[in-house]
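> Structure for the following, please:
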Amino acid sequence: MVMSLLHSFLVLLLAHPLQAQNVLRSVRAPLAPAVGALNSVHLPAPTLPSFGTAPLPVPTLAAPTALAPNARASAATPASAVLAAPTASAVAVKPAAVKPAEAAAAAPVATAVSPVNAAADWGQRLPDGGKKLEILMAGAEAHPFVKTGGLADVVDDLGRGLAARGHRVTLILPKFASVDPDKFQLERVPGSFLVPMGDRMEVARLWKTERAGLEVYFLDNPNMYSRPGPYGYDGHDGYGKRDYPDNDERFLFHSRGALEAMRFLGRSPDIVHAHDWHVGLIPALLKTAYAHDPFFAAARSVATIHNIAYQGLFPWSVLGKTGVGRDGERPAAYERHGMFSYLKAALTHADAITTVSPTYAAEIKTAAFGEGMETLLNERAKDLSGIVNGIDPAENDPGRDPNLVAHYGVADAAQGKAANKAEIQRRLGLTVDPEAPVYAVASRFAAQKGIDLVIEAADAVLKAGGQLVLTGSGDKELEEAAVALAAAHPGRVARHPFDVFFVKLVYAAADFLLMPSRFEPCGLSQLIAQRYGTLPVATKTGGLADTIVDGVDGFHSADFSAAALRDVIARAAAFYADRPAFAAARRRAMEKDSSWGASIDRYLALYAALLAKR
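Down below sits the predicted model:
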């Protein structure tokens, strides 16, 4: 065994000597015989290959991954330069026959080249007396770079909001193929570093940009990310049979790479905030593979559940690669449906668990909503809290939204919305009728969203003299049903695929937004709709219960059923007919403060409570 480990370390030593030294420090005690031999080896000055160079010249290694056809070799590029060059493939360094439980690959890896030192004043006090925090935030999506749903908006808004309070927030995203360096003016960071992946290492590079004070870094490795769509084939949303089969490794690389990127940047975090299952391994890694790493000793972790139905389930074969367990084990801390759950890894190990509304936090502790995690969440009830999402009022402003044909505010909402209603009626082939109440859907077409109920209860809209706009994409059967409904009622019902720009016109044109969700962790659509003077009509569940006051700034249905939806559609239509009452409700909705201010206060209070326990 000693000779095998010695051979593995020599391989790492030749390729990355600085990291080899750190590995030796991490495993000195169990490898004392090997250390003596290695200490006699002269360590050359550490050098790392550029991300697109030829394979590392180590003859004992397995064949490295071939370069992508468009790859080109180049010297390390200054961080200030904006690169348009395509990114080349990483090199996978595979020590021979080294198991995760034996090799130092599972140990934290030192930075080979650190282009940025921690700011000298970091950790000083803010003007209000609070401490400037070093915050690592990780998620699979963030607006405007990667977006398939509301997760992207929340990660972006929260990150920018925390940065605006004076904290340094480092957001680390995967550099999916859709992230265009030219479009987003990304700079490539000089140097590279290694990310342990079980019995091999993967090379990582970083790209960076800044968004309103939020420092955004993209973790780049074409082995993981140079393919269409963030989660699955043909841009699939990542929650079905079209998932990429190696998503376990892709998001393991993201989780471990985010931690190693902070080391590379010289930023020892106070708070590590992981969003959803994609980076659920981060809290587990901090309590296992990095538990005795002084660089992360001060870090406290927060895991946020955006939708507990999606749990990141993978075969147990991934366990040994992760660094949080050994091959052959099946720890209960990670088990769900007989598989390894990245989400459960987060919920078991995070110092604090949040979700995106107080009602949803209560609901997921029950069997009806907990998706099998309710027992664990009840055990951790004192560590679980619900903090409602907000929206950015500057990016959701009918007074200046470029997607509208007429801008408006609270005072002239009736005139502005009438102009936008006429535009959408013309554009979608609906009868141009200023008196017809327009009911809209602006949603992913999925069973969770109750789109089937909308189609079943569409007769209530027509009976009320209204029009129905169905904008969204997703489940093919639901899409086909929407198309058929529109064909059956020309001039009264219209269908449009989801579009991030067109949907803003829908918010401005509609009188009511239908959201009959089976469950809804928070939802952002109802908040945006209210900002645009459109009253949400929704099931009283999750964040929809927390953000809508029935009869005041929207409506709740009695339960999740087509009959209840028909009743609340009729009630909304009667309310619409009482123009003074309707105008007052519209005003209340538009004046409502759904910004992030109060929620950021709660996150900062949570961070402070965690840090006070050090």
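> Now the lengthiest strand in the chain: average pLDDT?
Across the chain, the strand with the greatest residue count (assigned by DSSP state E) is strand 200-211. Averaged across strand 200-211, pLDDT comes to 97.
> Off-centre distance for that strand?
Relative to its chain's centre, strand 200-211 lies at 17 Å (Cα atoms, centre = their mean, to the nearest Å).
> In its sheet, which strands sit next to that strand, and in what direction?
strand 92-93 (antiparallel), strand 187-188 (antiparallel), strand 193-197 (antiparallel), strand 214-220 (antiparallel) (DSSP bridges).
> how about these, which one is nearest Tyr576?
strand 214-220 (40.5 Å; Cβ to Cβ). (C-beta placed from N, C-alpha, C; glycine too.)
> Next SSE downstream of that closest one?
Note on strand 214-220: by DSSP states H and E, the next helix or strand toward the C-terminus is helix 222-225.
> Show me what that next one is packed against.
helix 247-265 (3 or more Cβ pairs under 8 Å, 6 or more residues apart in numbering; DSSP states H and E).
> Leu610 and Asp351 touch, don't they?
Yes - counting by Cβ atoms under 8 Å, Leu610 does reach Asp351; the two are 5.3 Å apart.
> ok so, going back, any idea which of the strands paired with strand 200-211 is most buried?
strand 193-197 (a mean of 26; mean count of other Cβ atoms under 10 Å).
> Give me the angle between that strand and helix 247-265.
150 degrees (axes from the mean of the first three to the mean of the last three Cα atoms, to 10 degrees).
> Which among the strands paired with strand 200-211 is found nearest to Ala581?
Of all the strands paired with strand 200-211, strand 214-220 comes closest under Cβ to Cβ, at 41.6 Å.
> What are the contacting residues of that closest one?
51, 87, 90, 142, 145, 156, 159-160, 163, 168-175, 179, 186, 189, 204-210, 253-254, 257-258, 261, 265 (Cβ atoms under 8 Å, 6 or more residues apart in numbering).
> mind checking the SS state of the residue nearest to Ala261 when sequence neighbours are not counted?
Using Cβ to Cβ, 6 or more residues apart in numbering and skipping the chain neighbours, the partner closest in space to Ala261 is Ile172 (5.6 Å). Of the three states, Ile172 takes strand under DSSP: H, G, I helix; E, B strand; the rest coil.
> which residues does Ile172 contact?
Per Cβ under 8 Å, 6+ apart, neighbours of Ile172: 136-138, 217-219, 254, 257-258, 261-262.
> now Ala508
Contacts of Ala508 by Cβ under 8 Å, 6+ apart are 398, 401, 403-404, 408, 416-417, 420, 532-534.
> how about 10 Å then?
398, 401, 403-408, 413, 416-417, 419-421, 423-424, 529, 532-534 (Cβ atoms under 10 Å, 6 or more residues apart in numbering).
> Skipping its backbone neighbours, what lies nearest it in space?
Asn420 (4.1 Å).
> tell me which element that neighbour falls in.
helix 413-428.
> So what's the gap between that helix and the chain middle?
Taking mean C-alpha positions (Cα atoms, centre = their mean), helix 413-428 and its chain are 34 Å apart.
> Then stretch 131-150?
6 Å.
> go on, stretch 545-561?
Using Cα atoms, centre = their mean, the offset of stretch 545-561 from its chain centre is 27 Å.
> Quick check: end-to-end length of that stretch?
End-to-end distance of stretch 545-561 (Cα to Cα, to the nearest Å): 16 Å.
> mind listing what's buried in that stretch?
545-548, 553-557, 560-561 (16 or more other Cβ atoms under 10 Å).
> Mind checking the pLDDT average for it?
97.
> Same check on stretch 225-244?
The pLDDT scores in stretch 225-244 average 71.
> can you check stretch 367-384 too?
98.
> Identify all contacting residues around it.
Contacts for stretch 367-384 (Cβ under 10 Å, 6+ apart): 302-303, 305, 307-311, 332-333, 336-337, 341, 343-344, 347-348, 350-355, 359-366, 518-519, 521, 541-542, 610.
> For Gly161, give me its contacts.
Contacts of Gly161 by Cβ under 10 Å, 6+ apart are 167, 169, 212-214, 390, 392, 595-597, 599-601, 603-604.
> just curious, which of those is nearest to Ala509?
Asp392 (21.3 Å).
> That closest one touches Trp596, doesn't it?
Yes - counting by Cβ atoms under 10 Å, Trp596 is a contact partner of Asp392 at 7.2 Å.
> Need the overlap of contacts for the two.
By Cβ under 10 Å, 6+ apart, the residues touching both Asp392 and Trp596 are 157, 160-161.
> Now distance to Glu479 and pLDDT too, for those, in TSV please.
Putting these into TSV (distance: Cβ to Cβ, whole Å; pLDDT from 0 to 100) gives the following:
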residue	distance to Glu479	pLDDT
Asp157	29	96
Arg160	34	97
Gly161	35	97
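> Turn those into CSV, including secondary structure.
Converted to CSV, the shared contacts of Asp392 and Trp596 look like this (three-state DSSP):
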residue, secondary structure
Asp157, helix
Arg160, helix
Gly161, helix
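> about what we covered before: among the contacts of Ile172, name the buried ones.
136-138, 217-219, 254, 257-258, 261-262.
> Now render the residues you listed as a markdown table, adding distance to Ala482.
As requested, those are exported to a markdown table (distance: Cβ to Cβ, whole Å):
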| residue | distance to Ala482 |
| --- | --- |
| Leu136 | 41 |
| Met137 | 36 |
| Ala138 | 36 |
| Tyr217 | 39 |
| Phe218 | 36 |
| Leu219 | 38 |
| His254 | 35 |
| Gly257 | 40 |
| Ala258 | 39 |
| Ala261 | 42 |
| Met262 | 45 |
